[in-house]
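> Could you look at this predicted model? Sequence included:
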Amino acid sequence: MMKKFVSLLLMLTLLIAGCGKNESADSNSEDAKTLTLWSVETEDKEVVEKAVEEFNNTHADLKINAEFFDDESLKTKMKVAIAGNKLPDLFTYWSGDTFQTLVETGLVGDITEQINEDEELKSNVLPGGFESFSFNEKTYGIPLGISAVSLWYNKEIFEENGLTPPSTYTELLEVVDQLNENNITPITVAGKDRWPILHWYSYLAQRIGGTEPFEKAKNGEIDFTEESFVEAGEKLKELAVNKKGFVNGFLGLDYAAAEALFLNGRAAMYLQGEWALQAFVKNKEFAEKVGFVSFPTVEGGKGNKDIYHGGFGIGMAISANADQEAAFEALKFLTSAEQRMGIYETGDISPMKNVELDQSKMNPLVYEYSNYINNNVEGFFGYYDQNLDSKRADQFLNTSSAIVAKPDIDVKKELSKIVK
């Protein structure tokens with residue numbers, strides 16, 4: 001009887017000790033600071049979640065709780081959070097005027113000092129990366145990726161017709177002429193969506209006048225009837241209308257229909273961002289036919305062929321109310337090339353210089369394009385419709401479409417309609 005009592009007492013003692021240990025473990029878990037992340041990267045959720053899991057497993061005192069939203073849902077969620085001054089500790093957001101507004105209202109944490117103290121991180125981001133999330137010489141975010149618009153072409157069509165990818169506007173017109181002579185559609189464009197036409201206009205304006213005229217017009221120092229803008233409009237009209245460079249009926253084509261013409265080999269060229277890679281690589285045989293070049297220069301123009309339309313469209317920032325040291329530690333970890341490699345291997349372009357991509361895991365076209373952008377881009381100029389106020393952005397979209405609608409259109413008159 002005594003033996004049973006002693007055994008029972010020993011079991012109770014062990015049980016109580018075990019409970020004490022569990023209680024202690026729970027207490028330690030509760031002591032860890034939890035950081036909330038709101039992310040718009042729904043398509044890359046799996047990669048981000050893996051990074052969050054690794055962070056949580058390697059940081060006993062810090063934990064990240066990630067939530068994912070589509071674009072519009074995040075915007076709505078942020079508006080509510082801003083109204084209640086309850087932003088998440090970390091969040092992804094788009095560069096530009098809206099992000100600047102968050103900064104100016106004191107809602108975003110200043111990470112300038114941390115960046116300056118980390119020479120490896122500071123020197124590894126491509127030119128313009130930190131600048132896209134900087135205001136008044138202070139930095140507020142780290143870029144997550146690059147958007148770059150390139151001129152894609154069908155190598156098979158070019159080879160069969162003895163053509164070389166154009167490097168100048170004059171060469172582009174010559175290629176268009178030869179393709180038309182051979183009854184091949186030179187360029188496919190989603191005119192119904194407007195912004196693909198604006199890509200063409202913006203590139204021509206930059207190649208002619210450089211980036212300075214747009215910045216001055218944006219700030220109200222000049223208007224869009226300045227000489228380089230008018231010349232860009234005239235050249236766009238020449239290419240699209242007079243030379244019949246754009247596919248017949250392009251003003252009625254939406255994005256899917258226009259892209260399908262390129263994917264089906266029915267158009268020789270396509271001006272589009274790196275996001276088009278996902279459609280190209282779905283068909284391995286087609287992807288092998290795709291080549292790319294930077295947008296052609298304009299003879300006598302100020303624009304550099306290695307300056308691309310696009311930039312660092314999305315980044316990650318921290319709330320001004322967050323624990324700045326803890327939040328930056330998480331921010332640096334989540335934005336590192338090592339943690340985002342799975343995203344870059346599918347076609348998103350890394351904003352970091354020193355990225356060791358695993359070629360065996362990538363489509364050859366994606367690998368080639370990623371390496372080219374990382375090694376050759378000297379800078380970016382932003383999308384006109386995203387860098388202007390909403391009123392002028394819509395006016396510009398309408399104007400660029402109007403310029404290519406009729407052969408007798410008055411380009412300068414159309415551009416004069418873009419006003420605050």
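Done, it's in. Numbers count the residues shown, from 1 in each chain.
> Could you find the closest non-adjacent residue to E226?
Nearest in space to E226, with sequence neighbours left out and distances taken as C-beta to C-beta, 6 or more residues apart in numbering, is P213 at 5.5 Å. All C-beta atoms are positioned from the backbone trio N, CA, C, and that covers glycine.
> Now do the strands in the chain.
33-39, 62-68, 90-94, 134-135, 138-139, 142-143, 147-154, 185-188, 267-273, 290-293, 307-311, 314-318, 379-381 (DSSP state E).
> so the first one versus strand 314-318, what angle?
Between the axes of strand 33-39 and strand 314-318, defined by axes from the mean of the first three to the mean of the last three C-alpha atoms, to 10 degrees, the angle is 160 degrees.
> The strands of the chain: which one's closest to L179?
In terms of C-beta to C-beta, the element of those nearest to L179 is strand 185-188, at 4.4 Å.
> by contact count, what packs against the closest one?
Applying 3 or more C-beta pairs under 8 Å, 6 or more residues apart in numbering; DSSP states H and E, we find strand 185-188 packed against helix 169-181, helix 255-263, strand 267-273.
> how about those in JSON lines, adding mean pLDDT and mean neighbour count?
Formatted as JSON lines, the helices and strands packed on strand 185-188 follow (pLDDT from 0 to 100; neighbours: other C-beta atoms under 10 Å):
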{"stretch": "helix 169-181", "mean pLDDT": "98", "mean neighbour count": "17"}
{"stretch": "helix 255-263", "mean pLDDT": "97", "mean neighbour count": "18"}
{"stretch": "strand 267-273", "mean pLDDT": "97", "mean neighbour count": "23"}
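> which residues touch the closest residue to K138 other than its chain neighbours?
Using C-beta to C-beta, 6+ apart and skipping the chain neighbours, the partner closest in space to K138 is T112 (4.7 Å). Contact criterion C-beta atoms under 8 Å, 6 or more residues apart in numbering gives 137-139 as the residues in contact with T112.
> which of these has the most neighbours?
Neighbours here mean other C-beta atoms under 10 Å. Within these, the largest count is held by T139, at 21 neighbours.
> wait, it sits on D110?
Yes: under the criterion of C-beta atoms under 8 Å, T139 makes contact with D110 at 7.4 Å.
> Ok, which of the helices and strands packed on strand 185-188 comes nearest E120?
With C-beta to C-beta, the closest approach to E120 among the helices and strands packed on strand 185-188 belongs to strand 267-273: 29.1 Å.
> Report the angle between that closest one and helix 169-181.
140 degrees.
> Contacts for strand 267-273, please.
Here strand 267-273 makes contact (C-beta under 8 Å, 6+ apart) with 147-154, 157-158, 175, 179, 184-189, 196, 199-200, 203, 247, 258-259, 261-262, 276, 295, 310.
> Compute the number of surrounding residues for the closest residue to V366 other than its chain neighbours.
Spatial nearest neighbour of V366, chain neighbours left out: G347 (4.8 Å); criterion: C-beta to C-beta, 6+ apart. Around G347 there are 21 other residues, counting by other C-beta under 10 Å.
> Tally up the residues packed near the residue nearest to E226, please.
Look at P213: counted by other C-beta under 10 Å, it has 21 neighbours.
> returning to what we had before: quick one, which of the strands of the chain is nearest to K332?
Closest approach to K332 among the strands of the chain (C-beta to C-beta): strand 142-143, 7.6 Å.
> And the contacts of that closest one?
The contact list for strand 142-143, computed with C-beta under 8 Å, 6+ apart, reads 95, 111, 125, 129-130, 132-133, 312, 314-317, 331-332, 335, 351.
> which one is P166 nearest to, not counting chain neighbours?
Per C-beta to C-beta, 6+ apart, closest to P166 is L172, 4.0 Å.
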